[in-house]
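Student: here you go, sequence then predicted model.
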Number of protein chains: 2
Amino acid sequence: MMSYKIKSRIWIEGKKGTFLAEGRVALMKQIIETGSISSAAKAMKMSYKKAWEIIDGMNKEAKKPLVVRVSGGKGGGGTQVTEEGIKAIKLFDKLNKKCQKYLDKEVSKLDL
Amino acid sequence: MMSYKIKSRIWIEGKKGTFLAEGRVALMKQIIETGSISSAAKAMKMSYKKAWEIIDGMNKEAKKPLVVRVSGGKGGGGTQVTEEGIKAIKLFDKLNKKCQKYLDKEVSKLDL
DNA sequence: TTTCGTTATATAAACAAATATACAACGAAA
DNA sequence: TTTCGTTGTATATTTGTTTATATAACGAAA
């Protein structure tokens, strides 16, 4: 009857805290677009502090850094997403889609 | 290498809001144990108001009530989880386990 | 050496969420 | 009719989270 919808949220945890999650991936995508944490935060209407903390926490859980930050220099510096970061984005998006697809299939068997 | 763990959270949405979710199911289980919203809330160290709102929201999204509440009467009244409620608990727990199992399997292929 | 806009950091202010408190309504049983 | 502990509801308080603000550090390039 399609009365109900199943929703899900996934995230990946490292030893001390969250590694990858939806917001983190979205922020990385925005950094790719804009070239810096500050402009990415602005575009997402997020405070710089929060954005910085997300990036910092993510890098601390990563084996190789997902983003590299440069302070000072031409234009004041900036932040770049590494190859590892791009891999992480793709991995997360893929897992997320698979999870939702699986759940939709399971629920469709159930006539809720 | 087992460095990372995948985590997930699922919930079921009705037309106007959340129907089933982890906290709601836990509360129903506690109501089965204790026989009332107030004592269940106390046992879970949750405010009565929050517990009441959870139950209210859940019943509003349910086709048949998952809990029946009686105010007044012997002992002041109480709350009981219906057969529908018990079915809902089992359904949710099963879906939740399946989801986590699926994700663990997917992640195990990935050598994170 | 000066300039630039960024990163990095601390603290204050604003906002949101949860809790605590109080009290009316309820109705079966004594 | 009175009693009981619950449900139901509103409001004030507390707590926690998020944002805003300010400022130092940075370092390549002009």
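Tutor: Sure, I can see it. The shown structure was predicted, so the numbers you read here are calculated from the model rather than taken from an experiment. Residues are numbered from 1 along each chain as shown, chains lettered A, B, ... in the order given.
Student: quick one: A:I6 is in a helix?
Tutor: No. A:I6 sits outside any helix when classified using DSSP: H, G, I helix; E, B strand; the rest coil, being strand.
Student: residues making contact with stretch A:64-71?
Tutor: Under the criterion CB atoms under 8 Å, 6 or more residues apart in numbering or on different chains, residues A:28, A:31, A:37, A:55, A:58-59, A:77-82, A:84-85, A:88 lie in contact with stretch A:64-71. (Each C-beta comes from the backbone N, C-alpha and C, glycine too.)
Student: what mean pLDDT does it get?
Tutor: For stretch A:64-71, the mean pLDDT works out to 94.
Student: is DNA strand D within reach of that stretch?
Tutor: Yes. Contact of stretch A:64-71 with DNA strand D (CB under 7 Å from any atom of the strand) involves A:S71.
Student: in that stretch, which residues are buried?
Tutor: Buried positions in stretch A:64-71, judged by neighbour count with 16 or more other CB atoms under 10 Å in any protein chain shown: A:65-67, A:69.
Student: out of these, which are close to DNA strand C?
Tutor: Near DNA strand C, taking CB under 7 Å from any atom of the strand as the test, the members of the buried residues of stretch A:64-71 found are A:R69.
Student: so in chain A, which helix runs the longest?
Tutor: As assigned by DSSP state H, the longest helix anywhere in chain A is helix A:83-108.
Student: which secondary structure elements does that helix contact?
Tutor: strand A:5-13, strand A:18-20, helix A:22-34, strand B:5-13, helix B:83-108 (3 or more CB pairs under 8 Å, 6 or more residues apart in numbering or on different chains; DSSP states H and E).
Student: how far away from the center of its chain is it?
Tutor: Relative to the chain's own centre, helix A:83-108 is displaced by 12 Å; criterion: CA atoms, centre = their mean, to the nearest Å.
Student: from DNA strand D, how far out is the residue sitting nearest the centre point of chain A?
Tutor: Residue closest to the mean C-alpha point of chain A, counted by CA atoms, centre = their mean, is A:V25 at 1.4 Å. Going from A:V25 to DNA strand D by CB to the nearest atom of the strand, to the nearest Å gives 17 Å.
Student: please apply the same query to A:G35.
Tutor: 15 Å.
Student: where does the residue nearest to that residue when sequence neighbours are not counted land in three-state SS?
Tutor: Among residues not flanking A:G35 along the chain, A:G78 sits closest, at 5.0 Å (CB to CB, 6 or more residues apart in numbering or on different chains). What three-state DSSP gives for A:G78 is strand.
Student: got the contact list for A:G78?
Tutor: A:35-36, A:69-70.
Student: try A:K15
Tutor: A:61, B:3.
Student: same question for A:N59.
Tutor: Taking CB under 8 Å, 6+ apart, one finds A:65-67 in contact with A:N59.
Student: hang on, the earlier thing: tell me if the longest helix of chain A is near DNA strand C.
Tutor: No. Helix A:83-108 is not in contact with DNA strand C by CB under 7 Å from any atom of the strand; minimum separation 13.8 Å.
Student: what residues of that helix count as buried?
Tutor: In helix A:83-108, the ones that count as buried by 16+ other CB under 10 Å are A:85, A:88-89, A:91-92, A:95-96, A:99-100, A:102-103, A:107.
Student: for those residues, which one is nearest B:K5?
Tutor: A:L95 (12.7 Å; CB to CB).
Student: that closest one contacts B:L103, correct?
Tutor: Yes. Using CB atoms under 8 Å, A:L95 is in contact with B:L103, at 7.3 Å.
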